[in-house]
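K.L.:
Sequence first, predicted model second:
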Amino acid sequence: MPELPEVETVRRGLMPVMEGRAITQAELRRPDLRRPFPPDMAERLTGARVVRLGRRSKYILVDLDTGETLIVHLGMSGRMVVSTGAAAHVPGAFALGHPPEEKHDHVILHMEDGARIVFNDARRFGAMDLWPTERIETHWLLAELGPEPLGNSFDEPYLIARLRGRHMPVKAALLDQRVVAGLGNIYVCEALHRAGVSPRRKAGRIAPARVGRLVPAIRNVLGEAIAAGGSTLRDHRRTDGELGYFQHTFRVYGREGAPCTAPGCTGRVRRIVQSGRSTFYCTACQR
DNA sequence: CTCAGCTCCTGCGGGC
DNA sequence: TGCCCGCAGGAGCTGA
């Protein structure tokens, strides 16, 4: 499941095939995702021209010239796959044309130049909706979101104030999209390790100076992950089918039992479960 | 209001 | 090989 870096990677992959182009046809092959599509979504997309692609947290925002924005969430397993129809996709098998339809292809957008964008989501936790662009921030999925972690309003004083008085483990607090928008299980673990903060520590019980270390830790890990094209564990693919490679840089996530990579640290990575989800951290250098 | 737990889905890999 | 179990990158809802 994609977190902010994976979603940003997908957005960048979609930009060249969508921006400035019209959608000639929108096929809804399976509308009953966990959050069903608006029943008239296909009609509202057909003929619309894409003005620009944006992102808010883990949501891709497709601004249309109809005055509406298509909001796309990839859930846990969502992928957007682009094919131009002009190049070979599977060497030797499909010299021309689009790749064959796959299970869980829920939406296919046909662009005016022949390109196709396929939304595939096995677990169907993803979502799409349409909402007026001029008040996009009022959509119920976006209204409660906290600041962008890479934006200017996410800084040390903000995070200190936001964590103050919270009794939940700091890991749970950072997964709360109202505190900061875009982190998920992987990057929270990685950021906490970089900051030397234990995921079990109560959010309101971290010395301000150490909360301050969390801000650059979060910014840096997300920035590096975006530069690497995101992380590919199972489902994430770039829109061109290529893999992200940030997973090779994980310092704790998925590394249970492995030695800690922090300079001078002799600890090992431990896995625990917090609110039903795996947490990876080093008990020696994360306090 | 805060917070822990459950739930929605499907697929995959490991153990037996 | 087949079956069962646990686990997976999200997040909304319920109820204590």
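P.N.:
Done, it's in.

K.L.:
Close to DNA strand C: what parts of chain A are there?
P.N.:
Residues of chain A that fall close to DNA strand C, judged by C-beta under 7 Å from any atom of the strand: A:1-3, A:6, A:34, A:57-58, A:73, A:75-76, A:123, A:125, A:141, A:177, A:184-186, A:230-236, A:244, A:276-278. From N, CA and C alone the C-beta is placed, and that goes for glycine too.

K.L.:
Drop the exposed ones from those and show what's left.
P.N.:
If you count burial by 16 or more other C-beta atoms under 10 Å, the buried members of these come out as A:1-3, A:6, A:57-58, A:73, A:75, A:125, A:141, A:177, A:184-186, A:230-232, A:235-236, A:244.

K.L.:
Please enumerate the helices of the stretch 151-287 of chain A.
P.N.:
Ranges of helices within the stretch 151-287 of chain A are A:156-163, A:170-175, A:185-195, A:208-227, based on DSSP state H, counting those that start in this stretch.

K.L.:
one step back: filter the buried ones among the residues of chain A next to DNA strand C down to the ones in strands?
P.N.:
Secondary structure assignment (DSSP state E) places A:His73 from these within strands.

K.L.:
pretty sure A:Gln274 contacts A:Leu192?
P.N.:
No. Under the criterion of C-beta atoms under 8 Å, A:Gln274 lies out of contact with A:Leu192, with a separation of 11.2 Å.

K.L.:
thinking again about what came up before, quick check: which of the helices of the stretch 151-287 of chain A is buried the most?
P.N.:
Per residue and on average, the most neighbours among the helices of the stretch 151-287 of chain A fall to helix A:185-195, with a mean of 25 (mean count of other C-beta atoms under 10 Å).

K.L.:
is that one up against DNA strand B anywhere?
P.N.:
No. Contact between helix A:185-195 and DNA strand B, assessed by C-beta under 7 Å from any atom of the strand, is absent, since the two come no nearer than 12.2 Å.

K.L.:
tell me the angle of that helix relative to helix A:208-227?
P.N.:
For helix A:185-195 against helix A:208-227, the angle between stretch directions is 130 degrees (axes from the mean of the first three to the mean of the last three C-alpha atoms, to 10 degrees).

K.L.:
which secondary structure elements does helix A:185-195 contact?
P.N.:
Using 3 or more C-beta pairs under 8 Å, 6 or more residues apart in numbering; DSSP states H and E as the contact criterion, the elements in contact with helix A:185-195 are helix A:170-175, helix A:208-227, strand A:277-282.

K.L.:
Indicate which one of those is closest to DNA strand B.
P.N.:
Counting by C-beta to the nearest atom of the strand, DNA strand B lies closest to helix A:170-175 out of the helices and strands packed on helix A:185-195; the figure is 4.9 Å.

K.L.:
Now that closest one: average pLDDT?
P.N.:
Per-residue confidence for helix A:170-175 averages out to 98 on the pLDDT scale.

K.L.:
Which residue comes closest to the residue of the stretch 51-200 of chain A found nearest DNA strand C once chain neighbours are left out?
P.N.:
Sorted by distance to DNA strand C under C-beta to the nearest atom of the strand, the residues of the stretch 51-200 of chain A start with A:Gly184, at 2.1 Å. Computed as C-beta to C-beta, 6 or more residues apart in numbering, the closest residue to A:Gly184 that is not its neighbour in sequence is A:Glu3, at 3.6 Å.

K.L.:
Next, the contact list for the one you found, please.
P.N.:
A:Lys58, A:Gly182, A:Leu183, A:Gly184, A:Asn185, A:Ile186, A:Tyr187 (C-beta atoms under 8 Å, 6 or more residues apart in numbering).

K.L.:
What is the nearest of those to A:His110?
P.N.:
The shortest gap between A:His110 and any of the contacts of A:Glu3 belongs to A:Lys58, at 25.5 Å (C-beta to C-beta).

K.L.:
give me the number of residues near the nearest residue to the closest one once chain neighbours are set aside?
P.N.:
Beyond its immediate neighbours in the sequence, the residue positioned closest to A:Lys58 (C-beta to C-beta, 6+ apart) is A:Val7, lying 4.9 Å away. Neighbourhood size, A:Val7 [other C-beta atoms under 10 Å]: 27.

K.L.:
How about the one 10 residues further on?
P.N.:
Residues lying near A:Val17 (other C-beta under 10 Å) number 21.

K.L.:
Pull the contacting residues for it.
P.N.:
Applying C-beta under 8 Å, 6+ apart to A:Val17 gives the contacts A:Val82, A:Thr84, A:Met111, A:Ala115, A:Ile117, A:Thr239.
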